[in-house]
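*Asks:* Dropping the sequence and predicted coords here.
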Amino acid sequence: MSNRLSHLIFGSAIAALALSAWAQPDVNDPIGHFEITRFEVDGNTLLGAAAIDRLLAPFAGKNRDFGDVQRALEALEGAYRRHGYDVVHVVLPEQELNQGVVHLTVVETRIGTVAVEGNKSFGRDNIRHSVPGILEGKSPNIVKISASLKLANENPAKKTTLQLQDGEQDDEVNAILHVTDEKPWRVGLDLDNTGDDATGHTHAGVVYQNANMFGLDHVLSLQYTTTAEHPSQVSVYGAGYHVPLYAYGDSVDFFASYSDVNAGTVAAGIFDLQVSGKGSVYGVRYNHNMKRIGDYESKLIYGLDYKAFKNDVQLVQITGFQLGSDVTVHPLMVGYAG
C-alpha cells in the first residue's frame, strides 16, 4: 500500500500526535481538563448525522481531557470502518479545546480515476458493470466492492482484482481493475463408464457454455447425454442460467432437465419387466452471500423446484399390466453453505 494511503487509513494516529500542539487547555486548569458540550463534525456525507451524534455523545461532558477527544475520533473512524469505508479518516483541526464545542473533520477519500487493464475478451463496460461500487467522485465502500469482486470472480472466464493508488489530490485514490480473461464460450465432450448393461456402459455427452450472455456475465450452460451403445434408449438434456446481481452481492440460478430412458427388458425373478421413464425438473435458486467474517465465507440458498416423473413398468407376460406410477412434486428448500 502506498505511503499516502497508509496516512489515510491511519490518520487518527497522526491526529493523536498533533493534539498537544493544537489543543490549548485552560491555563487555570493545571491538570488539562475541560468541558465538552458537544462535538461538531464537518465533511460527513456517508453516515447519518443523528447516528454520529449518538456515537459521540458518551465522550462529551465535564472534566474531560485529550484522551476523550482521541477516543471520540477513533470511535467515529471505527464507525466508517464498520460500514465499509476503510479509506475515510477523521482529523482534529487546530482549535482551542476549552470552548465547549470540539470540531472534528471527516476526509472522505474519493475515487479519482478508474482504469481497466489486461482485459481481452471482456469489454471495459463489462468489467466496470461487475464492480458497481467503484465510481469516480465517490468514496469506495470496500465491503461492498469486495462482495462484487467475489461474485465477479465466480465467472469461469475471467478474474478481476482491484488496486488502489495515490490520486492527484490528497483526498483521492485511483482505482485499477486488473483482469485475466479468456473467450467466454466453450464446447466440450464428456465420456465415462458409469452406465450399466441395460442402457449401456459408456456415457457420452456434449457441453456448451457461454459465460457472458448479453455482455452482463450471465452464464448459459447446455448439456446433452446419451450412451454410446444404445443412443436411442437414453436421452438426457440439461440447461442452466446463472445471473449475478452485482448491486446486492447475490446471484440467481435457473435450471431445467429432461430425461427419457428406456431400460429395455429387465429380469425380475420369474417375470420380465419392460422399464422406461421420462422426467422433467425445473428449479430456481437464490444465493444470498453472507457478510464475510475474517476468512470465513458463507451463504444462504433459497430454492423452489418442480419435478414431474412418468414411469412405465409393464409385465411382459401380461399385456396392459402396469406397475409404474407418475409422480409430481413441488419442493421448497433453504440451505446453508460455508
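*Replies:* Sure thing, it's come through.
*Asks:* Going by C-alpha atoms from here, please, whenever you check contacts or count neighbours.
*Replies:* Fine.
*Asks:* Please enumerate residues in contact with the helix ranked longest in the chain?
*Replies:* For the chain, the helix with the greatest residue count under DSSP state H is helix 66-82. Contact with helix 66-82 is made by 12, 16, 19, 32-33, 47, 52, 55-56, 59-60, 86, 88-92, 102, 104, as judged by Cα atoms under 8 Å, 6 or more residues apart in numbering.
*Asks:* For that helix, buried residues please.
*Replies:* Neighbour-count burial for helix 66-82, counted by 16 or more other Cα atoms under 10 Å, picks out 66, 68-70, 72-81.
*Asks:* which among the contacts of helix 66-82 end up buried?
*Replies:* Taking 16+ other Cα under 10 Å as the criterion, what is buried in those is 12, 16, 19, 32-33, 52, 56, 59-60, 86, 88-92, 102, 104.
*Asks:* ranges for the strands of the stretch 201-338 of the chain?
*Replies:* Remark: strands assigned in the stretch 201-338 of the chain by DSSP state E, counting those that start in this stretch are 203-213, 218-227, 234-245, 250-268, 271-289, 299-315, 326-329, 332-337.
*Asks:* Out of those, which is closest to residue 37?
*Replies:* Nearest to residue 37 among those is strand 271-289; the distance by Cα to Cα comes to 43.0 Å.
*Asks:* For residue 237, name its beta-bridge partners.
*Replies:* Listed beta-bridge partners, residue 237: residue 224, residue 258 (assigned using DSSP bridges).
*Asks:* Unless I'm misreading it, it sits right up against residue 255, doesn't it?
*Replies:* No - with contact defined as Cα atoms under 8 Å, residue 237 does not reach residue 255; the gap is 10.9 Å.
*Asks:* Who does the closest residue to residue 122 other than its chain neighbours form a beta bridge with?
*Replies:* Leaving out its chain neighbours, the residue that sits closest to residue 122 by Cα to Cα, 6 or more residues apart in numbering is residue 181, at 7.2 Å. Here residue 181 sits in beta bridges with residue 158, going by DSSP bridges.
*Asks:* thinking residue 181 is in contact with residue 120, fair?
*Replies:* Yes - with contact defined as Cα under 8 Å, residue 181 counts as touching residue 120 (6.6 Å).
*Asks:* In terms of neighbours, single out the busier of these two.
*Replies:* Taking neighbours as other Cα atoms under 10 Å, residue 181 and residue 120 compare with residue 181 leading, 17 against 13.
*Asks:* so who does that one touch?
*Replies:* Residue 181 touches 118-122, 157-159, counting by Cα under 8 Å, 6+ apart.
*Asks:* quick check, nearest of the residues you listed to residue 146?
*Replies:* Of all the contacts of residue 181, residue 146 sits closest to residue 159, with 13.0 Å by Cα to Cα.
*Asks:* Next, work out how far apart the closest one and residue 121 are.
*Replies:* For residue 159, the distance to residue 121 (Cα to Cα, to the nearest Å) stands at 12 Å.
*Asks:* More neighbours: which of these two?
*Replies:* residue 159 (18 against 14).
*Asks:* Just the pLDDT for that one.
*Replies:* Per-residue confidence for residue 159 comes out at a pLDDT of 97.
*Asks:* need the contact list for residue 111.
*Replies:* 134-140, 167, 172-175.
*Asks:* 10 Å - rerun?
*Replies:* With contacts defined as Cα atoms under 10 Å, 6 or more residues apart in numbering, the neighbours of residue 111 are 134-140, 164-167, 171-175.
*Asks:* helix or strand right after the helix or strand bottoming out on mean pLDDT in the chain?
*Replies:* The least trusted helix or strand in the chain, going by mean pLDDT, DSSP states H and E, turns out to be helix 11-22, with a mean of 41. The helix or strand immediately downstream of helix 11-22 is strand 34-42, counting by DSSP states H and E.
*Asks:* What lies in contact with whatever helix or strand comes next after that following strand?
*Replies:* Per DSSP H and E, the first helix or strand lying C-terminal to strand 34-42 is helix 49-56. Helix 49-56 has contacts (Cα under 10 Å, 6+ apart) with 38-41, 44, 68-69, 71-73, 75-76, 79.
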